[in-house]
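*Asks:* quick check, what structure comes out for this input:
(one chain, ligands or ions: 2)
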Amino acid sequence: MSLAAATDAGAQPVTRLTGVGPALEALLHKLGLECLQDLWFHLPLRYEDRTRVTAIADLRAGQSAQVVGVVEAVERGFRYRPQLKVAICDDSRQTLQLRFFHFNRAQAEQLAPGARLLCFGEVRQSAQGLEMVHPQYRRLGAAEAVAVEDRLSPIYPTTEGLGQKRLAGVIAKALALLPSDSALELIPRDLCATHGLASLRDALLTVHRPPPDARLDLLLGGRHPAQQRLAFEELLTQHLSLKRMRAAVQKRKAPRLAEAGGLREQMLESLPFALTAAQQRVDAEVRRDLAQAHPMLRLVQGDVGSGKTVVAALAALAAVESGHQVALMAPTELLAEQHLRNFRHWLTPLGVEVEWLAGKQQGRARDAAMRRVADGVPITVGTHALMQEGVRFARLGLVIVDEQHRFGVQQRLALHDKGADHARGEVPHQLVLTATPIPRTLAMSAYADLDVSTIDELPPGRTPVQTVAVSNARRAEVVERIRVACAEGRQAYWVCTLIEESEQLRAQAAEVAHAELSAALADCRVGLVHGRLKPKDKQAVMDAFKAGELVALVATTVIEVGVDVPNASLMVIENSERLGLAQLHQLRGRVGRGAVASNCVLLYQPPLGQLARERLAVMRETNDGFRIAEKDLELRGPGEVLGTRQTGQLGFRIADLARDAHLLPAVQQVGERLLAEHPREADLLIARWIGGAARYARA
Ligand code: ADP
Ligand code: MG
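*Replies:* Ligands and ions are numbered 1, 2, ... in the order given. Here you go, the predicted model:
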């Protein structure tokens, strides 16, 4: 069958299948499933293993399992909210608790002592032992034999009103109409051969209907060759679409920003330091881009403290000198304020005005700021809300976004449109700064639409931070260490990292630590900042710390970004075992900014799990943000490296950047060949994998 024939087969509407009438069609459309091909590529999110019954004694927390047990005891609680607790027991003579928060009377009556249940759910560890919260269950007859499934059950992404069984039935019907392998395949044969890509058709059939003898462990972990084959194609498609978007943006026009007035030299002269070689190189890359008549899309990455802000300020000057405006956005108010101070410090003496426009600003102050922006004030600093709230610029030429890893590709593209100057047909240049070093493999994939510059050198005179991990049992020694350090004129951070849902609980934990430290350091002042303070009060505390009036600062993780106090040389992180590597590295980067040798103490609550142990070991071994990011990717996945929101936005069906990073080099090679030699196949791949999802997003 020819390419056209396969496309035709896949392009048939879902109503072509028997049993799909208008009602079901509407539900499928809600999921972005319009044609047969959409159904073929609607892949299971995960699998449930109902191929066996697990003895309660063999259950492990974190695992999903099927158990058969008899109800021994039932307890109804009302303390905070209605609750039904059902204890079941099996032949292994162990008890498992089932917990329900929503239940009706009939259910409560059905779950009576003596009832025999078949349950499926995720096992969790609770204070009372193992439990399942809201398991799926069915009441069995006293002597009824338990029929287990002979293969894994796929679980598909679905929508309200469309059950798994019904959806699986429709997909099965569509799969019966799968064309031959050669007709389905969009990657040219020679490339498949070079990269050892197996049959796409077999891969689809396996993933939708794993045969009984397939390796369960591989399938459950997403590492089965069939899943890897599909992950490859999905990553390839993402790569192609980012490259396409990038090409589309680059076809647009942007103002040429080439400085002329000598402000740049003035600023460089006024700095108390010389740029590092890495800063100079990146600055040159940025300036070259800005001088082009098409938009720059550049990511500047550099470890904490590598000096990205100066590079951003120089780029801003180039825009200002060319008569254009600059918008600088940061993800938090605190970080935006830090930028505001730096920019004003450097640029006000040069006669360049810097405006402040933040989300919390209200009323007349806000109106006035908006007017100045509309009138053409050269530089505006604010939070990410800046671009979203109807702020009008007179002539925006450059958008600088800090900490972009919390941003998605779509948002990046939206920025272009928001800042577009329609009369001239121009869009602004975009400079993205990120303090989270991104491993190369990941950058290639998640940021294929951006050019990447790396500041791979720290300013001279920084001493690497010595890091130790200390058990909470030796807390008193750590407090004593702070006392000694403060007596020597050093300053310390004490970070409380309680991961609680509520800001209030976090603040309370910080208050407790603050009281403890204040008591121990009776003759010194200890400050406290947390997310519940008003911005003004927060700033006052930070200023006092910066001025050296406070010897120690107890903080929740609000200090994670944007704090720059070179005299602070001791960092204590509580409950460090609960944090990811990226966050630990960011926090530690707050010290080691001056010439004094700095120390970081990672306090932990024993016993340490395997993962936590490995993370703390990495922190002790290296200060190199790139090595840490690589490790992070290995240990915890891209959620931690890119920020969870971003990974969510990547919205892969089957690929997982951390698990499948080894595929990326080949993905890139195949991608380049397709774009250059097979543009039509590239289009079809994008339509296949992203077409449906794009419709879904619109719905
Ligand atoms: P980051 O890359 O983490 O955003 P910053 O831009 O905040 O780093 O810079 C960290 C500190 O280093 C600031 O105090 C800044 O003034 C200083 N700095 C930047 N570049 C240099 C340099 N070339 N030499 C010495 N200090 C520098
Ligand atoms: Mg910074």
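
*Asks:* please count neighbours and contacts with C-alpha atoms only from this point.
*Replies:* OK.

*Asks:* what helix or strand is Gly10 on?
*Replies:* helix 3-11 (DSSP states H and E).

*Asks:* for the stretch 251-400 of the chain, which residues are neighbours of ligand 1?
*Replies:* By C-alpha under 6 Å from any ligand atom, the residues of the stretch 251-400 of the chain that approach ligand 1 are Phe273, Ala274, Leu275, Thr276, Gly302, Val304, Gly305, Ser306, Gly307, Lys308, Thr309, Val310.

*Asks:* by contact count, what packs against the helix or strand containing the last one?
*Replies:* Per DSSP H and E, Val310 falls inside helix 308-321. Under the contact criterion of 3 or more C-alpha pairs under 8 Å, 6 or more residues apart in numbering; DSSP states H and E, the helices and strands touching helix 308-321 comprise helix 263-270, helix 277-290, strand 297-302, strand 325-330, strand 396-402.

*Asks:* tell me, how many residues neighbour Thr158?
*Replies:* 17 (other C-alpha atoms under 10 Å).

*Asks:* likewise for Ser270?
*Replies:* Using other C-alpha under 10 Å, Ser270 is surrounded by 14 other residues.

*Asks:* read off the pLDDT value for Ala293.
*Replies:* Per-residue confidence at Ala293 stands at 95 (pLDDT).

*Asks:* pretty sure it sits in a strand.
*Replies:* No: applying DSSP: H, G, I helix; E, B strand; the rest coil, one finds Ala293 to be coil, outside a strand.

*Asks:* rewinding a little: of the residues of the stretch 251-400 of the chain next to ligand 1, closest to Ala318?
*Replies:* Val310 (12.7 Å; C-alpha to C-alpha).

*Asks:* quick one on the thing from earlier: which is the next helix or strand following the helix holding Gly10?
*Replies:* helix 22-30.

*Asks:* tell me what the next helix or strand along the chain from that next one is packed against?
*Replies:* Using DSSP H and E, the helix or strand that follows helix 22-30 in sequence is helix 36-40. Under the contact criterion of 3+ C-alpha pairs under 8 Å, 6+ apart, helix 36-40 touches helix 3-11, helix 164-175.

*Asks:* what mean pLDDT does the shortest one get?
*Replies:* What it means is helix 3-11. Computed over helix 3-11, the average pLDDT equals 69.

*Asks:* which residues does Val326 bridge with?
*Replies:* With DSSP bridges applied, Val326 shows beta-bridge pairing to Ile379, Leu398.

*Asks:* for it, give me its contacts.
*Replies:* Listed by C-alpha atoms under 8 Å, 6 or more residues apart in numbering, the contact partners of Val326 are Ala316, Ala319, Val320, Pro378, Ile379, Thr380, Leu396, Gly397, Leu398, Val399, Ile400.

*Asks:* could you rerun that using 6 Å?
*Replies:* Ile379, Leu396, Leu398, Val399 (C-alpha atoms under 6 Å, 6 or more residues apart in numbering).

*Asks:* could you report the pLDDT at the second one?
*Replies:* Reading off the confidence values, Leu396 has pLDDT 92.

*Asks:* what about Val565, how many neighbours?
*Replies:* Around Val565 there are 19 residues (other C-alpha under 10 Å).

*Asks:* show me what from the chain comes close to ligand 1.
*Replies:* 273-276, 302, 304-310, 459.

*Asks:* so which of those comes closest to Arg659?
*Replies:* Nearest member of those to Arg659, counting by C-alpha to C-alpha, is Gly302, at 24.7 Å.

*Asks:* element containing whichever residue of the stretch 51-200 of the chain sits closest to ligand 1, please.
*Replies:* In the stretch 51-200 of the chain, the residue that lies nearest ligand 1 is Gly62 (37.4 Å; C-alpha to the nearest ligand atom). Counting by DSSP H and E, no helix or strand carries Gly62.

*Asks:* list the contacts of it.
*Replies:* The contact partners of Gly62, by C-alpha under 6 Å, 6+ apart, come to Val123, Arg124.

*Asks:* how near is it to Ala655?
*Replies:* 22 Å (C-alpha to C-alpha, to the nearest Å).

*Asks:* any chance you could map the strands in the stretch 301-450 of the chain?
*Replies:* Here the stretch 301-450 of the chain has its strands, by DSSP state E, counting those that start in this stretch, at 325-330, 354-357, 379-383, 396-402, 429-434.

*Asks:* now the ones you listed in a markdown table, with distance to Glu144?
*Replies:* Below are the strands of the stretch 301-450 of the chain laid out as a markdown table (distance: least, C-alpha to C-alpha, whole Å):
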| stretch | distance to Glu144 |
| --- | --- |
| strand 325-330 | 62 |
| strand 354-357 | 69 |
| strand 379-383 | 62 |
| strand 396-402 | 62 |
| strand 429-434 | 60 |
